[in-house]
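S.K.: Coordinates only, no sequence provided:
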């Protein structure tokens, strides 16, 4: 009986996993309509930003944000929530990076919608001269390697442990999403090369909502470190599991055990302050590539969980912890978040399967995201994207 109950629980989480991996019909419709608009409406193809604002793209007196995503509506919420909660939105510059297939739709959306006085740039990965196969050979190998493709595109029920807790099982399933072998998900490791003229940027994932003015992030002294991030080993939220390197790396493997400390504190992706000047003085990118190769050569036995493990390794010794109130995690895993923290956090992060644009989103948490969607917008209504 107990085994049947666990098997049923596994089936439930598999259903949620597949639901989280799909694209809702309305959002697919939105991309198609915007792509058509791009081809037929000159305004949807207008230069972003307008010519007189182009100098801002490399002006370090502005606050530069980077988002890499193929989700138009998610990108819109990130930008809208950041701008609406900013004390000085005119100081904001957003660099939105997307893939080739989404570029037309993404460009059209931001060309046809106003975001107060913020400056917005939309670029496809194909438009970066630096981003060639010669410069990212490891990532190309990851996308074509047979073992990798089996792991990310194969039967996700194989290897699932029925004894895992629901949160751990959900995290393991999410980590097998094919998006983790896409170059889009690795772009942040190339920020110094992609933005050679910038000194400091804030990188935001597309499943976050900004609730406070983020300009003070540029005043944080990172003390010579590269990455300002919230640590996840000392969470004050009882519903977010504390995490160390042991949570992400396989310390039963001698290569891992001999190089890293299992009890070392982990940190979060999703809202990171990157000092690009300090970064350029390091070999972080080379370390990242080296360990991706090692994991590939070890048949994925060094780690299995997504893209954070190689980042934990590469940024080891280069992370400056910032106040936890800047970044609240876990809204995509469970609904029992600390309500005080939820109300006061600068950035809330729907990491996990229950993204706020999906039907499986937690009803109590979804409104924090939907408040930044204009459901009266012509494109939104024509695609039947509804609030609930």
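M.R.: Looks like it arrived, so ask away. The structure displayed is predicted, hence computed values, not measured ones. Numbering: from 1, shown residues only.

S.K.: Below-threshold pLDDT in this protein: ranges please.
M.R.: Low-confidence segments of the chain, defined by pLDDT under 70: 1-21, 137-181, 235-241, 305.

S.K.: Strands of that one, start to end?
M.R.: Taking DSSP state E as the criterion, the chain contains strands spanning 63-68, 92-98, 119-124, 200-204, 208-210, 227-229, 271-275, 319-321, 347-349.

S.K.: Now distance to residue 372 too, for these, in JSON lines please.
M.R.: Every residue, glycine included, has its C-beta placed from N, CA and C. JSON lines is the format used below for these (distance: least, C-beta to C-beta, whole Å):
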{"stretch": "strand 63-68", "distance to residue 372": "14"}
{"stretch": "strand 92-98", "distance to residue 372": "14"}
{"stretch": "strand 119-124", "distance to residue 372": "15"}
{"stretch": "strand 200-204", "distance to residue 372": "13"}
{"stretch": "strand 208-210", "distance to residue 372": "7"}
{"stretch": "strand 227-229", "distance to residue 372": "24"}
{"stretch": "strand 271-275", "distance to residue 372": "16"}
{"stretch": "strand 319-321", "distance to residue 372": "28"}
{"stretch": "strand 347-349", "distance to residue 372": "12"}
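
S.K.: Looking at these, spot the one closest to residue 187.
M.R.: Residue 187 lies closest, by C-beta to C-beta, to one member of the strands of the chain: strand 63-68, at 4.5 Å.

S.K.: re the thing from before, out of the strands of the chain, flag the one nearest residue 313.
M.R.: Here strand 319-321 is closest among the strands of the chain (C-beta to C-beta), at 11.6 Å.

S.K.: Show me what the closest one packs onto, helices and strands only.
M.R.: With contacts taken as 3 or more C-beta pairs under 8 Å, 6 or more residues apart in numbering; DSSP states H and E, strand 319-321 sits against strand 227-229.

S.K.: and the strand it packs on, which strands flank it?
M.R.: Strand 227-229 has its sheet partners listed here by DSSP bridges as strand 271-275 (antiparallel), strand 319-321 (parallel).

S.K.: List the contacts of residue 212.
M.R.: 85, 345-347 (C-beta atoms under 8 Å, 6 or more residues apart in numbering).

S.K.: Quick one: neighbours of residue 380, just the number.
M.R.: 19 (other C-beta atoms under 10 Å).

S.K.: Is it in contact with residue 373, as I believe?
M.R.: Yes: in this structure residue 380 lies within contact range of residue 373 using C-beta atoms under 8 Å: 7.0 Å.

S.K.: Looking at the contacts of residue 212, spot the one nearest residue 201.
M.R.: Among the contacts of residue 212, and counting by C-beta to C-beta, the member closest to residue 201 is residue 347, at 14.8 Å.

S.K.: That closest one and residue 341: what is the separation?
M.R.: 11 Å (C-beta to C-beta, to the nearest Å).

S.K.: who touches both of the two?
M.R.: Joint contacts of residue 347 and residue 341 (C-beta under 8 Å, 6+ apart) are residue 328.

S.K.: In terms of neighbours, single out the busier of the two.
M.R.: Set residue 347 next to residue 341 and count neighbours by other C-beta under 10 Å: residue 347 wins out with 25 against 17.

S.K.: Contacts only, for that one.
M.R.: Contacts of residue 347 by C-beta under 8 Å, 6+ apart are 204, 208-212, 214, 270-271, 326-328.

S.K.: As CSV, these with distance to residue 198 would be great.
M.R.: Shown next, in CSV, are the contacts of residue 347 (distance: C-beta to C-beta, whole Å):
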residue, distance to residue 198
204, 15
208, 20
209, 24
210, 20
211, 25
212, 23
214, 16
270, 20
271, 17
326, 20
327, 21
328, 27
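
S.K.: Of those residues, which is the nearest to residue 130?
M.R.: residue 204 (21.6 Å).

S.K.: Return the distance of the residue most central in space within the chain relative to residue 289.
M.R.: When C-alpha atoms, centre = their mean is applied to the chain, the residue found nearest the centroid is residue 205 (3.1 Å). Separation of residue 205 from residue 289 (C-beta to C-beta) stands at 22 Å.
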